[in-house]
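Student: dropping the sequence and predicted coords here.
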Amino acid sequence: MKGSIVLFDGVCCLCNNVVRFIAHRDRDRNFWFASLQSPAGQALLRMHNLPECALDTFYLIEGGRAYKRSDAALRIAGQLSFPWPLLRGLSLVPLVIRDFLYNLVARNRYAFFGKLRSCSLADRELLERFID
(Lines give C-alpha, C1' and ligand atoms only; values in the text may rest on other atoms or scores of the structure.)
Protein backbone atom coordinates (compact mmCIF):
# COMPACT_ATOMS: atom_id res chain seq x y z
CA MET A 1 0.00 0.00 0.00
CA LYS A 2 1.37 3.38 -1.01
CA GLY A 3 0.76 6.42 1.19
CA SER A 4 0.58 7.29 4.85
CA ILE A 5 -1.68 5.87 7.55
CA VAL A 6 -3.55 7.94 10.12
CA LEU A 7 -4.39 6.03 13.32
CA PHE A 8 -7.17 7.65 15.35
CA ASP A 9 -9.57 7.02 18.24
CA GLY A 10 -12.57 5.51 16.47
CA VAL A 11 -15.10 6.46 19.15
CA CYS A 12 -14.04 10.11 19.51
CA CYS A 13 -16.35 12.55 17.71
CA LEU A 14 -13.50 15.04 17.25
CA CYS A 15 -11.22 12.36 15.82
CA ASN A 16 -13.89 11.12 13.40
CA ASN A 17 -14.43 14.68 12.18
CA VAL A 18 -10.68 15.17 11.77
CA VAL A 19 -10.53 12.04 9.58
CA ARG A 20 -13.34 13.42 7.40
CA PHE A 21 -11.54 16.77 7.25
CA ILE A 22 -8.30 15.11 6.13
CA ALA A 23 -10.00 12.89 3.55
CA HIS A 24 -11.89 15.77 1.94
CA ARG A 25 -8.71 17.84 1.58
CA ASP A 26 -6.41 15.00 0.51
CA ARG A 27 -6.76 15.46 -3.24
CA ASP A 28 -4.03 12.95 -4.07
CA ARG A 29 -5.50 10.30 -1.74
CA ASN A 30 -2.21 9.88 0.09
CA PHE A 31 -3.83 9.04 3.42
CA TRP A 32 -5.26 5.75 4.60
CA PHE A 33 -7.04 5.36 7.94
CA ALA A 34 -7.42 2.88 10.78
CA SER A 35 -8.96 3.29 14.20
CA LEU A 36 -6.66 2.60 17.12
CA GLN A 37 -9.17 0.05 18.42
CA SER A 38 -9.26 -1.99 15.20
CA PRO A 39 -7.17 -5.12 14.63
CA ALA A 40 -5.23 -3.29 11.89
CA GLY A 41 -4.65 -0.30 14.16
CA GLN A 42 -3.48 -2.51 17.00
CA ALA A 43 -1.13 -4.39 14.66
CA LEU A 44 0.38 -1.11 13.41
CA LEU A 45 0.88 0.08 16.99
CA ARG A 46 2.73 -3.15 17.82
CA MET A 47 4.77 -2.97 14.62
CA HIS A 48 5.99 0.52 15.56
CA ASN A 49 6.49 -0.23 19.28
CA LEU A 50 3.71 2.16 20.29
CA PRO A 51 1.46 1.61 23.33
CA GLU A 52 -1.60 -0.39 22.30
CA CYS A 53 -3.80 0.99 25.06
CA ALA A 54 -3.05 4.71 24.63
CA LEU A 55 -6.06 6.15 22.82
CA ASP A 56 -5.40 9.79 23.75
CA THR A 57 -3.52 10.71 20.61
CA PHE A 58 -3.41 9.94 16.94
CA TYR A 59 -0.48 8.76 14.92
CA LEU A 60 0.77 9.19 11.40
CA ILE A 61 2.70 6.26 9.95
CA GLU A 62 4.76 7.60 7.08
CA GLY A 63 7.83 6.22 5.38
CA GLY A 64 8.18 3.47 7.99
CA ARG A 65 8.21 6.00 10.83
CA ALA A 66 5.54 6.91 13.39
CA TYR A 67 4.73 10.52 14.27
CA LYS A 68 2.42 11.49 17.11
CA ARG A 69 0.46 14.42 18.50
CA SER A 70 1.28 17.82 17.02
CA ASP A 71 4.09 16.44 14.85
CA ALA A 72 1.58 14.12 13.15
CA ALA A 73 -0.99 16.89 12.77
CA LEU A 74 1.47 19.30 11.19
CA ARG A 75 2.87 16.67 8.81
CA ILE A 76 -0.67 15.86 7.71
CA ALA A 77 -1.57 19.54 7.26
CA GLY A 78 1.49 19.97 5.07
CA GLN A 79 0.08 17.46 2.56
CA LEU A 80 -3.47 18.80 2.32
CA SER A 81 -4.88 21.26 -0.18
CA PHE A 82 -4.19 24.98 0.28
CA PRO A 83 -4.29 26.79 2.74
CA TRP A 84 -3.64 23.98 5.24
CA PRO A 85 0.08 23.53 4.42
CA LEU A 86 0.63 27.00 5.90
CA LEU A 87 0.13 25.42 9.32
CA ARG A 88 3.53 23.74 8.93
CA GLY A 89 4.93 27.08 10.09
CA LEU A 90 3.72 26.13 13.57
CA SER A 91 6.54 23.60 13.67
CA LEU A 92 8.71 26.57 14.70
CA VAL A 93 6.84 26.58 18.01
CA PRO A 94 8.71 24.37 20.49
CA LEU A 95 7.38 20.81 20.66
CA VAL A 96 6.77 21.03 24.41
CA ILE A 97 4.35 23.93 23.87
CA ARG A 98 2.62 22.36 20.85
CA ASP A 99 2.15 19.03 22.63
CA PHE A 100 0.98 20.73 25.84
CA LEU A 101 -1.87 22.33 23.87
CA TYR A 102 -2.52 19.11 21.94
CA ASN A 103 -2.69 17.11 25.19
CA LEU A 104 -5.05 19.65 26.76
CA VAL A 105 -7.56 19.11 23.97
CA ALA A 106 -6.94 15.34 23.88
CA ARG A 107 -7.61 14.94 27.62
CA ASN A 108 -10.93 16.75 27.30
CA ARG A 109 -12.02 15.62 23.83
CA TYR A 110 -14.92 13.45 25.02
CA ALA A 111 -16.24 16.20 27.29
CA PHE A 112 -15.93 18.88 24.59
CA PHE A 113 -16.92 16.91 21.49
CA GLY A 114 -18.59 13.70 22.68
CA LYS A 115 -18.00 9.98 22.37
CA LEU A 116 -19.57 7.42 20.05
CA ARG A 117 -20.41 3.79 20.80
CA SER A 118 -18.41 2.75 17.73
CA CYS A 119 -16.64 4.30 14.78
CA SER A 120 -19.29 6.10 12.71
CA LEU A 121 -17.52 6.86 9.45
CA ALA A 122 -20.19 5.50 7.12
CA ASP A 123 -19.30 7.43 3.96
CA ARG A 124 -18.65 4.68 1.38
CA GLU A 125 -15.86 6.59 -0.38
CA LEU A 126 -14.15 7.21 2.94
CA LEU A 127 -14.57 3.61 4.08
CA GLU A 128 -12.65 2.49 0.99
CA ARG A 129 -9.63 4.27 2.44
CA PHE A 130 -9.66 2.22 5.66
CA ILE A 131 -7.12 -0.57 6.04
CA ASP A 132 -9.28 -2.56 8.47
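Tutor: It's in.
Student: only C-alpha atoms for contact and neighbour calcs from this point on.
Tutor: Will do.
Student: how close does Arg75 sit to Asp28?
Tutor: In this structure, Arg75 and Asp28 are 15 Å apart, going by CA to CA, to the nearest Å.
Student: nope, Ala66 is what I meant
Tutor: 21 Å.
Student: just Arg69 next, same as before
Tutor: Distance from Arg69 to Asp28, counting by CA to CA: 23 Å.
Student: which of those two has more neighbours?
Tutor: Legend: neighbour count by other CA atoms under 10 Å for Arg69 and Asp28, higher for Arg69 (20 against 11).
Student: that one is in contact with Leu104, isn't it?
Tutor: No - using CA atoms under 8 Å as the test, Arg69 is too far from Leu104 to be in contact (11.2 Å).
Student: what about the helices in the chain?
Tutor: 13-25, 39-47, 69-77, 95-107, 109-113, 124-127 (DSSP state H).
Student: and those, which is most packed in?
Tutor: Counting by mean count of other CA atoms under 10 Å, helix 69-77 has the highest mean neighbour count of those, with a mean of 20.
Student: and that one, what does it pack onto?
Tutor: Judged by 3 or more CA pairs under 8 Å, 6 or more residues apart in numbering; DSSP states H and E, the packing partners of helix 69-77 are strand 59-62, helix 95-107.
Student: how close does the closest residue to Phe58 other than its chain neighbours sit to Ala111?
Tutor: Distances taken as CA to CA, 6 or more residues apart in numbering place Phe8 nearest to Phe58, at 4.7 Å, with adjacent residues excluded. Distance from Phe8 to Ala111, counting by CA to CA: 17 Å.
Student: can you say which of the helices of the chain is nearest to Leu55?
Tutor: Smallest distance to Leu55 across these (CA to CA): 9.3 Å, for helix 95-107.
Student: contacts for the closest one, please.
Tutor: Here helix 95-107 makes contact (CA atoms under 8 Å, 6 or more residues apart in numbering) with Asp56, Thr57, Arg69, Ser70, Asp71.
Student: recalculate using a threshold of 7 Å.
Tutor: Residues outside helix 95-107 that contact it (CA atoms under 7 Å, 6 or more residues apart in numbering) are Asp56, Thr57, Arg69, Ser70.
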